[in-house]
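Asker: just to be clear, the model below is a prediction. Sequence and coordinates:
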Amino acid sequence: MRERLAVTPRQFRLLAYGTLVALTLIVMSGAAVRLTDSGLGCENWPKCGGTPLPPLSTHALIEFGNRVVGFVVGLITVATAVFAYTRRPFRRDLFWLAILLPLGVVAQAVLGGLTVLNHLAPGFVMAHFSLSLVILIAAFALAWRSVHEPGSRPRATDRVSVWSVRALAPLAALTIFAGSVASAAGPHGGGFTGQVVHRLHFKGADTLTWAVHQHAAIGALFGVCVIGVWFLRRRRGATGDALEPLTVLGVLLAAQGLVGSVQYELHLPSDMVWVHVTLATVAWLAVLWAWATEGTLAPRAVAVSDEEAVERPPAAARKLEAV
């Protein structure tokens, strides 16, 4: 059976990138469920109402449709794990990364069920979205590693550049988390008229305004840091290919700032909020791309090239010759 299902590196690479796209799309479809007020279209889980199939109502069909999409994405991740095992030549790193994907989808399904059972409590909704981004880390790593054979890329020696790019990842995560707090305090709870969905209110009526301002401040800091790292990398001799992910990230953040400002002034229309969430997801992928492009750092204790070696003083050279 393993030989019958054997795939080439190119075939597996296409599958890995297809899986990454599928896991990205499910994040966007999940956001659409909440922003169409369909989060409680099926008020229980795993059934939708009293039967496995949804009732003929718009909200129920949207919520159930997202579950079906999630099931299909889960099957894709299972297939990816199977083909990672049958890939020829077999690579252990790809196999273990692929195994994480169906496990992540199962965890998402359970967490999604708990979110529904807890009537879209803000903490569960935020955790549901955050777990999606964590799964994207494994999916992106799988796709990226499927392109490069072990040892095919030289290790990075510019520690300042590498760590400056890596430092953008936790700042990006903080920015997205702050955005999820603002979303959890906003008007789009995910329930339709007549359903009670609790929102964050730790600062009373000013919670949304406070959360939006914190999110904007952190996002602005993130954008400034991206620009700073871009110039740092350029000053240290980075080429166009090395700067490409940072350039794309900077453009995405500029678009995010524009969309965020406009949607706040328009009192958070649902379609613009969905665009904002989509851009955030794509920006997260750009951060992972920038991290991966920098590569792995070489150990500190490495042999230096002849051009970089410091000439020994004559006395030391004579001593070595005598030895």
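Answerer: Arrived safely.

Asker: residue closest to the middle of the chain?
Answerer: residue 133 (3.8 Å; C-alpha atoms, centre = their mean).

Asker: that one contacts residue 176, correct?
Answerer: Yes. In this structure residue 133 lies within contact range of residue 176 using C-beta atoms under 8 Å: 6.8 Å. Where C-beta positions appear, they are placed from N, C-alpha and C, glycine not excepted.

Asker: what sits in contact with each of the two?
Answerer: Here residue 133 and residue 176 have residue 284 as joint contacts, going by C-beta atoms under 8 Å, 6 or more residues apart in numbering.

Asker: for the residue lying closest to the residue nearest to the centre of the chain once chain neighbours are set aside, grab the count of nearby residues.
Answerer: The spatially closest residue to residue 133, leaving aside those adjacent along the chain, is residue 284, at 5.5 Å (C-beta to C-beta, 6 or more residues apart in numbering). Neighbour count of residue 284, defined by other C-beta atoms under 10 Å: 24.

Asker: same thing with residue 255?
Answerer: 15.

Asker: which secondary structure element is home to the nearest residue to it once chain neighbours are set aside?
Answerer: The shortest distance from residue 255 to any non-neighbouring residue, by C-beta to C-beta, 6+ apart, is to residue 279 (5.9 Å). Residue 279 belongs to helix 270-294 when assigned by DSSP states H and E.

Asker: what is the mean pLDDT for that helix?
Answerer: Per-region confidence: helix 270-294 scores 95 on mean pLDDT.

Asker: now for it, which elements pack on it?
Answerer: Judged by 3 or more C-beta pairs under 8 Å, 6 or more residues apart in numbering; DSSP states H and E, the packing partners of helix 270-294 are helix 9-35, helix 122-147, helix 159-166, helix 168-185, helix 240-265.

Asker: adding mean pLDDT and distance to residue 63, write the ones you listed out as TSV.
Answerer: As requested, the helices and strands packed on helix 270-294 are exported to TSV (pLDDT from 0 to 100; distance: least, C-beta to C-beta, whole Å):
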stretch	mean pLDDT	distance to residue 63
helix 9-35	94	6
helix 122-147	95	13
helix 159-166	94	38
helix 168-185	95	18
helix 240-265	94	24
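
Asker: show me what the helix or strand hosting residue 227 is packed against.
Answerer: Take DSSP H and E as the rule and residue 227 turns out to sit in helix 207-235. Other elements packing on helix 207-235 under the criterion 3+ C-beta pairs under 8 Å, 6+ apart are helix 159-166, helix 168-185, helix 240-265.

Asker: I figured residue 233 hits residue 242, correct?
Answerer: Yes. Counting by C-beta under 8 Å, residue 233 touches residue 242, with 6.5 Å between them.

Asker: for those two, indicate the residue with more neighbours.
Answerer: Using other C-beta under 10 Å, the more surrounded residue of residue 233 and residue 242 is residue 233, with 23 against 18.

Asker: against residue 270, how distant is the residue nearest to the centre of the chain?
Answerer: Shown here: residue 133 relative to residue 270, a distance of 21 Å by C-beta to C-beta, to the nearest Å.
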